[in-house]
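A.B. asks: Give me a model of this one.
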Amino acid sequence: MQTMRDQIVARIEGLPKGEAFSAKDFLDIASRGTIDVALASLARSGAIRRVRRGLYDVPRVNPALGGELSPDIDSAAQAIARRQRWKIIPDGAWAANLLGLSTQVPAKIVYLTDGPSKAVPIGRRTIHLKHAGPKTMAGLEGKSALVVQALRYMGKEGVGHQEIKKLRALLSPAEKRNLFRDTRFGVDWIYEAAKRVEETPA
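C.D. replies: This is a model prediction of the structure:
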């Protein structure tokens, strides 16, 4: 029979490389004290990496250089949001970059949140959480929220055939339907873009 520590290790081993997590992600397995001891031990052994206080990841390695890559910023931000029970949405240029609609990594990485505004260092970068009102945060979840923020940043004239094609390839059929549904009562041109994404190309 697996011990609680074995169960924690098994879950971590099942995570993708670069995935970030905190003790709260294991509260269904063990008590907070047991989890903290297990994570601290795994960090000392090098099995996981301590990104910042209370936040860990399974480090990715550069095959060519053999060194560990920087923490995955979005995964770390999502882990922090889960721990604090905040809702977060990548904003502007960062949303476009995450979707591959822009290759430019913004100098300032911003997430809208229903939590407090604050700056959180992650590795060599800092994520900026920007408190947004209920109206801004309501209605959109997951990929729909990400796509809408990216489209808003790019603007109507910046969303052409190539961007629509990329979103079609990126989103699952269910995500396309959700995007179409979630944007129905929003900005007209974003709704039209969502409609084009959902359409099957001729």
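
A.B. asks: pLDDT on the strand ranked longest in the chain, on average?
C.D. replies: With secondary structure taken from DSSP state E, the chain has its longest strand at strand 125-131. Regarding strand 125-131, the rounded mean pLDDT is 96.

A.B. asks: quick one: residue 120 is in a helix?
C.D. replies: No: using DSSP: H, G, I helix; E, B strand; the rest coil, the assignment for residue 120 is strand, not a helix.

A.B. asks: Roughly how far does it sit from residue 141?
C.D. replies: According to CB to CB, to the nearest Å, residue 120 and residue 141 sit 22 Å apart. Yep, even glycine has a C-beta here, placed from its N, CA and C like the rest.

A.B. asks: What ranges in the chain fall below the confidence cut-off?
C.D. replies: Scanning the chain for pLDDT under 70 picks out 201-202.

A.B. asks: and the spatially most central residue of it, what is it in contact with?
C.D. replies: Taking CA atoms, centre = their mean, the centroid of the chain lies closest to residue 74, which sits 3.9 Å from it. Contacts for residue 74 (CB atoms under 8 Å, 6 or more residues apart in numbering) come out as 90, 98.

A.B. asks: tell me which element it falls in.
C.D. replies: helix 73-84 (DSSP states H and E).

A.B. asks: Can you mark which positions in that helix are buried?
C.D. replies: 73-81 (16 or more other CB atoms under 10 Å).

A.B. asks: isn't residue 176 right next to residue 198, touching?
C.D. replies: Yes: contact criterion CB atoms under 8 Å: residue 176 and residue 198 qualify, at 4.4 Å.

A.B. asks: Which secondary structure elements does the helix or strand where residue 9 lies sit against?
C.D. replies: Residue 9 is part of helix 4-13 when elements are defined by DSSP H and E. Counting contacts by 3 or more CB pairs under 8 Å, 6 or more residues apart in numbering; DSSP states H and E, helix 4-13 packs against helix 32-45.

A.B. asks: What strands line up against the next helix or strand after the helix holding residue 74, and which way round?
C.D. replies: Counting by DSSP H and E, the element after helix 73-84 in chain order, helix or strand, is strand 88-90. Strand 88-90 has its sheet partners listed here by DSSP bridges as strand 109-113 (antiparallel).
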